[in-house]
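Asks: sequence plus predicted model, see below.
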Amino acid sequence: MTETLVGVNPPSSKDPADPPSAEELAAAKELVRQARAQGVALTGSGGLLKALTKTVLETALEEEMAEHLGYDKHDPAGRNRGNSRNGKRAKTVLTDSGEVAVELPRVRAGSFAPVIVPKRQRRLSSIDEIVLSLYARGLTTGDIAAHFVEIYDVQVSRDTISRITDRVVEEMQAWTSRRWSGSMPRSLWTRSM
């Protein structure tokens, strides 16, 4: 799907739990109508949700880059500055919609550190939470890997799942073994020792 939606205002800072506005509903209906007319599935590897996720991530990355540099793309104000845009690099990230290939903008000085798609991170959003939830329910790493293939059509290795769960177990052990400062009542402090 190569068409872009023009004339839609960006979402406001309203609570995500609030029902969508009439304008947001109309925009969503139009996107679904266009996708169906072009034979594009809503979900799946070439689906509308993946395309929208890619578009939103790349748009957010461009906005982060503009803020980092202090000028928009193709703005003459950026000419002859020491640090400027220097192409893009491909990165595949795991999102709630499955694997999404995004183009990350780069700068000549290498000083750009994106927030929405952090460096050296492949999993975004609640993927870790899903792994931990399934692990807490007693699923093995193999069961969790099979779940990701079945639901998200994504290969997540057993090693990755183990690293996620091990990291959380380590954090929990560190938290439970830390010593309390003097803010705890003495009676509780002696019992916890």
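Replies: Looks like it arrived, so ask away. The model shown is predicted, which means the values in this text are computed figures rather than measured ones.
Asks: low-confidence ranges, this structure, go.
Replies: 1-17, 125-126, 153, 172, 175-193 (pLDDT under 70).
Asks: show me where it has helices.
Replies: 22-37, 48-69, 127-136, 141-152, 158-177, 186-192 (DSSP state H).
Asks: just send the ones you listed back as a markdown table, with distance to residue 119 too.
Replies: For glycine as for every other residue, the C-beta is placed from the backbone atoms N, C-alpha and C. Listed next are these as a markdown table, based on distance: least, Cβ to Cβ, whole Å:
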| stretch | distance to residue 119 |
| --- | --- |
| helix 22-37 | 31 |
| helix 48-69 | 12 |
| helix 127-136 | 17 |
| helix 141-152 | 23 |
| helix 158-177 | 18 |
| helix 186-192 | 40 |
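Asks: tell me which of those lies nearest to residue 110.
Replies: helix 48-69 (11.7 Å; Cβ to Cβ).
Asks: quick one: buried residues of the closest one?
Replies: For helix 48-69, the neighbour count (16 or more other Cβ atoms under 10 Å) marks 48-54, 57-58, 61-62, 64-66, 69 as buried.
Asks: quick one, what contacts the residue nearest the centre of the chain?
Replies: By Cα atoms, centre = their mean, the chain has its centre lying nearest to residue 124, at 3.2 Å. Contact analysis of residue 124 by Cβ atoms under 8 Å, 6 or more residues apart in numbering lists 93-95, 116-117.
Asks: and with 6 Å instead?
Replies: 93, 95 (Cβ atoms under 6 Å, 6 or more residues apart in numbering).
Asks: swap in residue 164?
Replies: Residue 164 neighbours (Cβ under 6 Å, 6+ apart): 128, 131.
Asks: how about residue 63?
Replies: Residue 63 sits next to no residue when contact means Cβ under 6 Å, 6+ apart.
Asks: mind checking how far it is from residue 121?
Replies: Distance, residue 63 to residue 121, by Cβ to Cβ, to the nearest Å: 19 Å.
Asks: how about residue 96?
Replies: From residue 96 to residue 121 the distance is 15 Å (Cβ to Cβ).
Asks: and what of residue 79?
Replies: Counting by Cβ to Cβ, the gap from residue 79 to residue 121 is 33 Å.
Asks: looking at those two, which is more packed in?
Replies: residue 121 (11 against 8; other Cβ atoms under 10 Å).
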